[in-house]
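K.L.:
need coordinates for the below:
(chains A, B, C and D, ligands or ions: 4)
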Amino acid sequence: MSESSHSHAADPAADHDHGHDLESHKKLYWAVGAALLVGTVVTVLARYMEFNSVSFTIAVAMFIATVKAFLVAGYFMHLISEKKAIYLTLGTTAAFLVGMVGLILWSDMDLPRGSQPKTHYVP
Amino acid sequence: MHTATTHAPSHGHGHADAHEHHEPGFWSKYVFSTDHKMIGIQYGMTALIFLFFGFLLMLAMRQQLAYPLKPIPIVGNFLAKALGDDMAKGGVMQADLYNAFGAMHGTIMVFLAIVPLAFGAFGNYVTPLQIGAPDMAFPRLNMASYHLYFWGGVVMLASFFVPGGAAKSGWTSYSPLATLADRDHLVNGQTMWLIGMVLLITSSLLGAVNFITTIIQLRAKGMTWMRLPFFVWAQFVTGFLLLLAFPPLEAAGIMQLVDNVLKTSFFLPSGLVTSGGPVPISGGGSPLLWQHLFWFLAHPEVYVLILPAMGVVSEIIANNTRKPLWGYKSMVYAVLGIGFLAFIVWAHHMYLTGMGTKISTFFQTTTMMISIPSVIILTALFISLWGGSIRFNTPMLFALAFLPMFGIGGLTGLPLGFNASDIYLHDSYYVIGHFHYVVAPGTIFGLFAGVYFWYPKATGRYMSELLGKIHFAGSFLCMNLIFAPMFVQGLRGMSRRMYDGGATYFGGGLGADPGILELNKVITHSAVLLGFFQLPFIFNFFWSLYAGKKVESDNPWSATTLDWQTPTPPPHGNFAVEPVVYRGPYEYSVPGAAKDFTPQSQPG
Amino acid sequence: MEFFKRLLFLPESASAHGAGLDDLLVYVHLLMLVLFIGWFAFFVIAVYKHARSNNPKADYHGTRSHFSTYAEIGVAAIEGLLLLGFAVPLWAKAVDKFPEEKDAVVIQVIGQQFAWNAHYAGPDGKWGKQDIQFASSTNPFGIDANDADAKDDLTTLSNEPFFVPVGKEVICKISSMDVIHCFKIPLMRVTQDAVPGMSIPVHFKATRVGDFSITCAQLCGNGHSKMRGFFKVVDQAEYDKWFIARSKAGGAGAVLE
Amino acid sequence: MEIPYTVKPRPDTGLYNAKVGIWLFLASEVMLFGALFSSYILLRVGAPDGFWPDVATGWPHGLLNIPIGTFNTAVLIISSVTVVMAWAALKQGDFSKFRRFMLVTLGCALGFLCIKTYEYNEKFTHYVIRMKDGTAVTGHLDINGHSPRFWTLATITDKKMTSVKVHVDVPNQFRYPVGMKRPEVSHEAGEHGGGEHAAREIKTADITFLQAFVPATGTFFAIYFTMTFLHGLHVFGGAMVLGYFTFFGRKMYESDPERMTNRIEVGGLFWHFVDLVWIFLFPVMYLL
Ligand code: HEA
Ligand code: HEA
Ligand code: CUA
Ligand SMILES: [Cu+2]
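P.N.:
Ligands and ions are numbered 1, 2, ... in the order given. Here you go, the predicted structure:
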């Protein structure tokens, strides 16, 4: 879908002669780099703010990290304008990763009734 | 370049190797080759040797099971000398040795024999030929994969000789046992096992990257996805299973290595007390985490063991029934379905670690779901026989036998897959019977079929049909005599991994039936016999290099796929002219066609 | 049913829930048998009829029948039935429907290389104080011998048989002090891994008296095959006698000397 | 036949071989680090009370050096920018500019690894000491003016030292369990005047546990060292590859510029991925 509309963005073959495009991309790269640095600083500051809720802090930190990851993957790694085969591969990978983490955590929580961390020594 | 490889089947020079050491070509031709066919042969030879070695380990164990505490014939004294009294005092197998051999049998068979043979050897040799590619996408990476595999194998073998002996916590290496078993030796068998595994995993990962890239990128002109031979589909899915399932085990392996060497507690909970008192560690880890990460690989891994064999069998069945595979498309979707579901069933190996109703219902539902695509593939293969004109050559015999054997193995997976019946069957010989039916008379037969089938392409000579048929009949009989009694033992309540063959449990007359111990003898004798029936194969394999019947054409089986449209053996670069594909993979007995096969590359 | 169970070589179950489990085993095996026979018959006929000698010319299309689709749907349906009708409820019964502790005999069971140990709260029904600082291979439960509640606790160590009454629910809380073991009583159709760092209960109700053995069904080291525990299922009177006598003998405190 | 699509993209996929290859490889890397991150989550969620730095509140208290970590994050981010700029320069046919940007990248890589080494070393000289009375302190040992690495209680008893001088961290917020109980935080250190480090003499007989911040100290350090070391290996590996092209790439560039550009793109993808892992590692290890 996005193949045709974005292919000029980063595809080495397609934009071989588009020097101008590359110039504007170079600006973008610097801007993304700056945004990443800002994101880092904001995360650190957030950590010192000591919000009262732990989960809120974790959410903030992980949200910023995810945005940063998106910037790196999307722009530096040109993922916003990749080919279908790569989207498919990464989509599958992401699905399995989420499945793995989710199912392991679920298994860890859903135990037979009455199970507990070892109680013999600490009744 | 061309002349170097066209005329000589590589291993045909076996005897001359010693003299050729000075020849500059030797190393680059046989050791540092980047040609996918040579690498395939390297994988194949190494894997067959490991297969045999894994079998020998098991023979020693079977001897102990049938005749507990009697010295091992022939090799007993040697083992006592080589491995020490702790392992084989007076030639008698000790418990530690039994456990070490058991763990190494499992490891070697799975990671060093079947996967390298099925994926490394057949995948390497056949896949590029079948898709019409000149080589793998990354030839040097391919070489690196083989070398990593080789060194992984060397590390595994070396581990027998470190203090304390080889890893002895099962091929599953469950923590805390794997960490506590040999804690006094810094370099112990388990550490070696983990290092070996990291090498093998890295090898498989590079291999998977290479295979998938090759299949995506190097398909010949006209070779659309739905014209791929089923074998290639099987390799493709296998590649993805390896690519995505192995890394978590690599992570787990690294963590267990750190646990063992740097004394951390990833998989060790707090409060461990052994005979030496509380274990001096920080604790706080989770033993079940290891199991999750292990089985996240190891369940997909069992499909890695079976899918390539299914691919081989499909090729051979289409070829020898002289008709297209029935339901090719549904087979493709089924294999994709297996690939997908394989990632979300793993915890059926962990029902009894303590699971609530919800999560175990999830896992047993997915387990039942994954049996459906297997049924679809098998059914399609069965129906493919209907209407055929079946030729019973050796490859076909092995391929045909694969079907019911896999059927038995697969069907016995069902009672294990229901969590409630697994309560009784878990860790019994029923499990051993289940999976050996799939991997031994299943996968091994599929791979034997492949060896007999592609041998003429690789060497220009047939293997002997008579010896092949003896090999087949003997192996078929013995395999069943070995593994069928295990179901009886399992249903009677006999546990696996029992050094004394279960004697402890049945000695006391506590409601169990000591009679089934007699079956141990039947099994052991059949296993020895099975070994003897491999001799015709080994002989045939080497003898046919020189004396086998020469092939009359490049396409001796009158096959349709591209691998048979190359010179024999295929030269470097494979195809004289770039092949173009015009039709599906199995156009046999096309109505109105002149011959009973129409190759994929035949125009019109 | 009994006939089929014999046919499957199953040893006669000795617990209340065992029968249901055996039923499931029988049904699954019947399904497998039917499938196998069906497929195998088809296989033999196909191979015979379409051997080259009997059928020199192959048919490009083979069969056009849709029977296989129905067969596959059938397999899926029966699997679904067994799943929902048997496996899920049986499992739920095993892991969720625990009897009340006051109506049951409650035993802490701890595995160790290579022995099973059991611990009862004693006539007062109160567990003695336990702490890791007391734990050792001779005191696997880490019982504080000076604790008042511990005085009447009883333990059986190192595979010494423990007693349970017939016809009464027994809850075993399974754990381990070193590596993973597996508490398996084949005749009771009970299996539960003993995972260090966790305590997981199982329950069963014995239906006949006799001596039973506990298998360790998880590789746990070089003594794994020797790790056999025992227990006696006896009638209530005999159980009470043992229980009181054992407790009077000083219980856990005395064992720990 | 030659292997096709080594440089030019295959028409139907739009990709050249190495690009497919690197993305597949990165997919497997995602699973590798994903498994490690999920282990982190599982170990942390399942940690018994007191076994993770301050699990009770879920908020850590400065076990890792945040300013240095932040700085290192910035170093990696800059290297990511310069890598992509180097690739753009190559694409525009400016090899010397490519080389300049690449040298900055390599400098960043080296800087990152040096800083990481410094951080590790700092940890190895930092100790946690638990006392018989249930209190625990952290800080540096002071043995005749220098602070040793990797000591344990055994080292001290072997040396027959009756007491050790410790520069205790202030405020001392690191909490460690004794048995299964959470100890009271020691406020003593503060009373001693509250400099950066307050020196204190601790009797050997009072100590039950003494360990540097090494992997064996606890699950947190175990996973911290494992993950950052593995990440460091990736940085090292990536730098080797990029360095190779920087210093020995000229010939390939002159004979086949497109091939060289592709190589750099692929190498860059790996480099960005390494950066991406760090983007998660940093908050997870240092901040949360
Ligand atoms: C290649 C290997 C392979 C394959 C394909 C399978 C396939 C299956 N396995 Fe198996 N399994 C193993 C290898 C394999 N397994 C190994 C190695 C272990 C033990 C590991 C260890 O603990 O050491 C194990 C253990 C194991 C367990 C754990 C048991 C326990 O420890 O308690 C379970 C439980 O669910 C299970 C289930 C299944 C299921 C449902 C399938 C299904 O996918 C099967 C689907 C197939 C069918 C349903 C057959 C369809 C065909 C027909 C119906 C045709 C019939 C034909 C004729 C009659 C001619 N397996
Ligand atoms: C792919 C996997 C695989 C394969 C093929 C096999 C093959 C065999 N296995 Fe194995 N086995 C396992 C995987 C496998 N096994 C695993 C994972 C375990 C569990 C380990 C654990 O408990 O941790 C196990 C455990 C296991 C046990 C249980 C031990 C115990 O629990 O105590 C037994 C018992 O009999 C057994 C027997 C056999 C036998 C008789 C064969 C035979 O089928 C072997 C047949 C092979 C041959 C006959 C060799 C043929 C060789 C050639 C033809 C060579 C040709 C050479 C040249 C041309 C150079 N195996
Ligand atoms: Cu305990 Cu096996
Ligand atoms: Cu499985």
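K.L.:
so the residue of the stretch 1-150 of chain D found nearest chain A, which of the three states?
P.N.:
Ranked by Cβ to the nearest Cβ, the top residue of the stretch 1-150 of chain D for proximity to chain A is D:Val81, at 3.6 Å. C-beta: built from backbone N, CA, C; applies to glycine. Here D:Val81 takes the helix state, with states given by DSSP: H, G, I helix; E, B strand; the rest coil.
K.L.:
wait, what's in contact with it?
P.N.:
A:Tyr29, A:Trp30, A:Val32, A:Gly33, A:Phe76 (Cβ atoms under 8 Å, 6 or more residues apart in numbering or on different chains).
K.L.:
out of the residues you listed, which is most surrounded?
P.N.:
In terms of neighbours by other Cβ atoms under 10 Å in any protein chain shown, the contacts of D:Val81 top out with A:Phe76 at 27 neighbours.
K.L.:
pretty sure it contacts D:His272?
P.N.:
Yes. Between A:Phe76 and D:His272 a contact is recorded at 4.6 Å, counting by Cβ atoms under 8 Å.
K.L.:
shared neighbours of those two, which are they?
P.N.:
Common neighbours of A:Phe76 and D:His272, using Cβ under 8 Å, 6+ apart, are D:Ser80, D:Val83, D:Val84.
K.L.:
where does the closest residue to the first one other than its chain neighbours sit, in terms of helix or strand?
P.N.:
Once flanking residues are discounted, D:Ser80 sits nearest to D:Asp275: 4.5 Å by Cβ to Cβ, 6 or more residues apart in numbering or on different chains. Remark: D:Asp275 resides in helix D:257-282, with elements defined by DSSP states H and E.
K.L.:
what residues are up against B:Pro176?
P.N.:
Applying Cβ under 8 Å, 6+ apart to B:Pro176 gives the contacts B:Phe267, B:Leu268, B:Pro269, B:Leu272, B:Pro287, C:Asp178, C:Val179, C:Ile180, C:Pro196.
K.L.:
quick one on the thing from earlier: tally of neighbours for the residue nearest to D:Ser80?
P.N.:
D:Asp275: 27 neighbours (other Cβ under 10 Å).
K.L.:
check C:Ala46 too.
P.N.:
Counted with other Cβ under 10 Å, C:Ala46 comes out at 22.
K.L.:
same deal with B:Phe32?
P.N.:
With other Cβ under 10 Å as criterion, B:Phe32 counts 13.
K.L.:
now for the closest residue to it other than its chain neighbours: which residues touch it?
P.N.:
Computed as Cβ to Cβ, 6+ apart, the closest residue to B:Phe32 that is not its neighbour in sequence is B:Met143, at 6.3 Å. Taking Cβ under 8 Å, 6+ apart, we find B:Met143 in contact with B:Phe32, B:Ser33, B:Thr34, B:Ile39.
K.L.:
pLDDT score for B:Met143?
P.N.:
At B:Met143, the pLDDT value in this model is 96.
K.L.:
about what we covered before: among the contacts of D:Val81, which two are most distant?
P.N.:
Spatially, the most separated pair among those is A:Trp30 and A:Phe76, at 11.4 Å (Cβ to Cβ).
K.L.:
so where's chain A uncertain?
P.N.:
Residue ranges of chain A with pLDDT under 70: A:1-20, A:49-54, A:118-123.
K.L.:
which secondary structure elements does the top helix by length along it sit against?
P.N.:
Longest among the helix segments of chain A by residue count, using DSSP state H, is helix A:19-49. Under the contact definition 3 or more Cβ pairs under 8 Å, 6 or more residues apart in numbering or on different chains; DSSP states H and E, helix A:19-49 sits against helix A:54-71, helix D:66-91, helix D:257-282.
K.L.:
how about D:Ile279, nearest residue that isn't a chain neighbour?
P.N.:
Nearest to D:Ile279 is A:Lys68, by Cβ to Cβ, 6+ apart, at 4.8 Å.
K.L.:
again, but for B:Ile254
P.N.:
For B:Ile254, ignoring the flanking residues on the chain, the nearest one in space by Cβ to Cβ, 6+ apart is D:Thr226 at 6.5 Å.
K.L.:
for the stretch 251-400 of chain B, what spans make up the strands?
P.N.:
Along the stretch 251-400 of chain B, counting by DSSP state E, counting those that start in this stretch, strands occupy B:273-274, B:277-278.
K.L.:
closest residue of chain C to ligand 1?
P.N.:
C:Trp39 (3.7 Å; Cβ to the nearest ligand atom).
K.L.:
so how far is C:Leu33 from that residue?
P.N.:
As judged by Cβ to Cβ, to the nearest Å, C:Trp39 and C:Leu33 stand 11 Å apart.
K.L.:
the more surrounded of the two?
P.N.:
Between C:Trp39 and C:Leu33, C:Trp39 has the larger neighbour count (other Cβ under 10 Å), namely 19 against 13.
K.L.:
list the contacts of the more buried one.
P.N.:
Neighbour list for C:Trp39: B:Leu378, B:Thr379, B:Phe382, B:Pro404, B:Gly407 [criterion: Cβ under 8 Å, 6+ apart].
K.L.:
chain C: which of those is nearest?
P.N.:
Minimum distance to chain C across those is 4.9 Å, recorded for B:Thr379 (Cβ to the nearest Cβ).
K.L.:
identify the residues contacting the closest residue to that closest one other than its chain neighbours.
P.N.:
The shortest distance from B:Thr379 to any non-neighbouring residue, by Cβ to Cβ, 6+ apart, is to C:Ser68 (4.9 Å). With contacts defined as Cβ under 8 Å, 6+ apart, C:Ser68 is in contact with B:Gly327, B:Thr379, B:Ala380, B:Ile383.
K.L.:
the last one: how many residues sit nearby?
P.N.:
Put plainly, it is B:Ile383. B:Ile383, neighbours per other Cβ under 10 Å, totals 19.
K.L.:
for the one 10 residues further on, same thing?
P.N.:
Applying other Cβ under 10 Å, we find 20 other residues in the vicinity of B:Asn393.
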